[in-house]
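Participant: I'd like to go over a predicted model; first the sequence, then the structure.
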Amino acid sequence: MTTASRAEVLRDRYRNRLPERLRELTGPVEGTVDLPLHIAWSGRTSYSLDRPKSRMTLYRTVLAEGLREDLETFLHHRLLAEQWPVLRRLVSPYIREVWEDAFPELPRTGPADATAA
C-alpha cells in the first residue's frame, strides 16, 4: 500500500474545490466582504474590495481556506484574473499550480517578471 505524498494530498484538496469555469466566480466587485468563521477562523474577517491590499488578502484567504461554494460566493472572475500576476506569488505553490493548470487564461507572469535581469 502506498500513501500519497503531502504535495499530492494538498493538490487534490485544492483541485476538488475548483469551479468548472472561472465565470462561476460571481462574488462582489466592490464594497465590504465579511467572511464566515470557517474561512477566516483567526484574525481579520472583514475586507474592503475598494482597497487593493485588503482585496488581495481576501482573495488569498478564500483561495487557501474556502470551499467551492465560498470561492463562487466571495471571488469574482475578473478581479481574480486582474490580481493573479501578484496573487500567484502570495499563495502556496500547490494553489498556484492547481489554478494555473485548470485555468490557462490566468496570467503566469507579472510586471516584475518582464523586467528581471
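Facilitator: Noted; the coordinates are in hand.
Participant: Number of residues surrounding W41?
Facilitator: 11 (other Cβ atoms under 10 Å). Where C-beta positions appear, they are placed from N, C-alpha and C, glycine not excepted.
Participant: same question, R17
Facilitator: Around R17 there are 18 other residues, counting by other Cβ under 10 Å.
Participant: Likewise for E82?
Facilitator: Residues within reach of E82, counting by other Cβ under 10 Å, total 13.
Participant: repeat for R89
Facilitator: A count of nearby residues for R89, using other Cβ under 10 Å, gives 11.
Participant: What of the one 4 residues further on?
Facilitator: When neighbours are defined as other Cβ under 10 Å, P93 has 11 of them.
Participant: now the longest helix seen in the chain, how far from the centre of its chain.
Facilitator: Counting by DSSP state H, the longest helix found in the chain is helix 52-65. Here helix 52-65 is found 7 Å from its chain centre; the criterion is Cα atoms, centre = their mean, to the nearest Å.
Participant: Mind listing residues that contact that helix?
Facilitator: By Cβ atoms under 8 Å, 6 or more residues apart in numbering, the surrounding residues in contact with helix 52-65 are 33, 35, 38-41, 44, 47-49, 70-71, 74-75, 79-80, 83, 86-87, 90-92, 95, 99.
Participant: let's go with 6 Å and repeat that
Facilitator: Applying Cβ atoms under 6 Å, 6 or more residues apart in numbering, the external contacts of helix 52-65 come out as 33, 39-40, 47-49, 70, 74-75, 87, 90-91, 95.
Participant: from those residues, which is closest to L25?
Facilitator: Each of the contacts of helix 52-65 was checked against L25 using Cβ to Cβ; the closest is L75, at 4.4 Å.
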